[in-house]
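Q: here are the coordinates; sequence isn't available:
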């Protein structure tokens, strides 16, 4: 009798073929017991072989280093369960060097007097990036997914509730995505980020501490207006499977100081009939 087991391509022989004439005269019950024992031993051997192979694969993955799995270049989703950018990367982008996060191409950006950054703590409301789609240097459609783990002891929560206003600020995804695409690379002048507006729809209850907010943001198009750059985007936010809000028809951009000064901003006094709005 010969029985082969093939766990993941590995063949294990339980018994060799033996001619009937050369088989010892063993009672049927004894032969059955021996067969069961050999089968059990073979199963243990197969299990051990699988464990050994998995261990070798894990050791090889660890030897290759985390950078190969977590770097943003050419990645559109987590590798081996790791985020594309983790919280340490996002903190580095906020207060450190962009080149340490997005690679040496961004080294000149770090020499500029100002660049696009995420807010520093305690206003850094992003924990990881799990999707990053787009090409640095190309201002076209792109996408990003950012997650934020709301701390149980969040300083901004009241009785565990998180305001919807803060929930719309968290993630800060469109700014990070624009920076990755290269808004500060070869820029004609120093520019500053401004959110211009959009149509927001709010769903369900407010987020709670301990939940993870997920922001899926897609930049649809860019428009250059002189030295200024405006883009259209949309964002959805979920707490687990529960939708929190959606932002459609949104506009944001990067503007020179001259453009911002010329805009006039909001007025504390309502315009009169003969005074144009700023």
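A: Yep, it's here. Everything numeric here is computed off the predicted structure, so don't read it as measured data.

Q: only C-alpha atoms for contact and neighbour calcs from this point on.
A: Fine.

Q: which parts of the stretch 151-278 of the chain are helices?
A: Secondary structure of the stretch 151-278 of the chain (DSSP state H, counting those that start in this stretch): helices at 164-169, 173-181, 257-263.

Q: what about those, which gets the closest to residue 251?
A: Nearest to residue 251, of all the helices of the stretch 151-278 of the chain, is helix 173-181, at 10.2 Å by CA to CA.

Q: so what's the residue count around the residue nearest to residue 230 when sequence neighbours are not counted?
A: Nearest residue to residue 230, sequence neighbours excluded (CA to CA, 6 or more residues apart in numbering): residue 253, at 4.0 Å. Close neighbours of residue 253, defined as other CA atoms under 10 Å, add up to 22.

Q: for residue 253, give me its contacts.
A: 192-196, 228-231 (CA atoms under 8 Å, 6 or more residues apart in numbering).

Q: looking at those residues, which is nearest residue 130?
A: Checking those against residue 130 with CA to CA, the nearest one is residue 231 at 22.2 Å.

Q: ok, that closest one to residue 124 distance?
A: With distances taken as CA to CA, to the nearest Å, residue 231 is found 23 Å from residue 124.

Q: these two: who's more crowded?
A: It is residue 231, of residue 231 and residue 124, that has more neighbours when counted by other CA under 10 Å, with 22 against 18.

Q: that one contacts residue 255, doesn't it?
A: No. The criterion here is CA atoms under 8 Å, and residue 231 misses it with residue 255 at 11.5 Å.

Q: could you pull up phi and psi at residue 144?
A: Backbone geometry at residue 144, expressed as degrees, to the nearest 10, gives phi -150, psi 150.

Q: 864 is where my numbering starts, stick with that
A: That works, and once the first residue is 864, the last one we named lands at residue 1007.

Q: that one touches residue 1096, doesn't it?
A: No. When contacts are counted by CA under 8 Å, residue 1007 is not listed as touching residue 1096 (11.1 Å).

Q: shared neighbours, the two?
A: Taking CA under 8 Å, 6+ apart as the contact criterion, the residues that touch both residue 1007 and residue 1096 are 1037, 1080-1081.

Q: any low-confidence regions in this protein?
A: 864-945, 1128-1141 (pLDDT under 70).

Q: residues near the residue nearest to residue 1114 when sequence neighbours are not counted, how many?
A: Once flanking residues are discounted, residue 1114 sits nearest to residue 1095: 4.7 Å by CA to CA, 6+ apart. Number of residues near residue 1095 (other CA under 10 Å) recorded here: 21.

Q: so how far is residue 1011 from residue 1095?
A: For residue 1095 relative to residue 1011 (CA to CA), the value is 23 Å.

Q: same check on residue 1062?
A: Taking CA to CA as the measure, residue 1062 falls 22 Å from residue 1011.

Q: ok, these two, which is more surrounded?
A: Set residue 1062 next to residue 1011 and count neighbours by other CA under 10 Å: residue 1011 wins out with 22 against 11.

Q: one step back: make JSON lines out of the shared contacts of residue 1007 and residue 1096 and add distance to residue 1023.
A: Below are the shared contacts of residue 1007 and residue 1096 laid out as JSON lines (distance: CA to CA, whole Å):
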{"residue": "1037", "distance to residue 1023": "27"}
{"residue": "1080", "distance to residue 1023": "26"}
{"residue": "1081", "distance to residue 1023": "30"}
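
Q: now the residues you listed as TSV including neighbour count and distance to residue 1105?
A: Shown next, in TSV, are the shared contacts of residue 1007 and residue 1096 (neighbours: other CA atoms under 10 Å; distance: CA to CA, whole Å):
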residue	neighbour count	distance to residue 1105
1037	27	21
1080	25	17
1081	20	19
